[in-house]
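1. How does the following fold in three dimensions:
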Amino acid sequence: MNTDPIADFLTRIRNASSAGLKMVEIPSSNTKCAMTQILFDQGYITNYKFEEDDKQGIIKIALKYNHSTKVPAITKLERASRPGLRKYSGSAEMPRVLNGLGIAIVSTSKGVITDKEARKQNVGGEVLCYVY
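-> Alright, predicted model coming up:
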């Protein structure tokens, strides 16, 4: 039993990226599916696919690398809020990652969205992680 599934999601992507793997498989959940969609929309991963199995399903993520230097597109993946210390932010105090070059993934009442979308929709929520 995993006590922090979001940290497990981030760690699997971080480890696969640092090992140079092309594909990573992660157990599925609604939050992880939304986070995967955000990573795809922002250009941090090449592609993804949801596969159903007997229990909960699997997300297959194709990681993105620079063609010439083989450097991963995701240089840092950092958990912000954790089970022992939740971090909430209003729309006015939403964190800016690397002056807007990175993204913060936020869980709001409107769903799991980026920090830029949260500012635009004027909603706050729990800051899940930082990606750059």
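
2. got the contact list for Ala80?
-> Contact analysis of Ala80 by CB atoms under 8 Å, 6 or more residues apart in numbering lists 87, 95, 104, 127-130. Just so you know, the C-beta spots here come from the backbone N, C-alpha and C atoms, and that holds for glycine as well.

3. 6 Å instead, please
-> 87, 127, 129-130 (CB atoms under 6 Å, 6 or more residues apart in numbering).

4. Check those residues against Asn47 and report the nearest one.
-> Ranked by distance to Asn47 (CB to CB), the contacts of Ala80 are led by Cys129 at 20.5 Å.

5. ok so the closest one is a strand residue?
-> Yes: membership of Cys129 in a strand is supported by DSSP: H, G, I helix; E, B strand; the rest coil.

6. Now do Ile113: how many residues are near it, please.
-> Neighbour count for Ile113, taken as other CB atoms under 10 Å: 21.

7. The residue nearest to it when sequence neighbours are not counted: what secondary structure?
-> Nearest non-adjacent residue to Ile113, counting by CB to CB, 6 or more residues apart in numbering: Val106, 6.0 Å away. Under three-state DSSP, the three-state class of Val106 is strand.

8. hang on, Leu128 packs against Ala104?
-> No: taking contacts as CB atoms under 6 Å, Leu128 lies outside contact range of Ala104: 7.9 Å.

9. residues contacting the most centrally placed residue in the chain?
-> The residue lying closest to the centre of the chain (CA atoms, centre = their mean) is Met35, at 4.5 Å. Neighbouring residues of Met35 by CB under 6 Å, 6+ apart: Ile105.

10. Dihedrals phi and psi, it?
-> Backbone torsions of Met35, given as degrees, to the nearest 10, read phi -70, psi -40.
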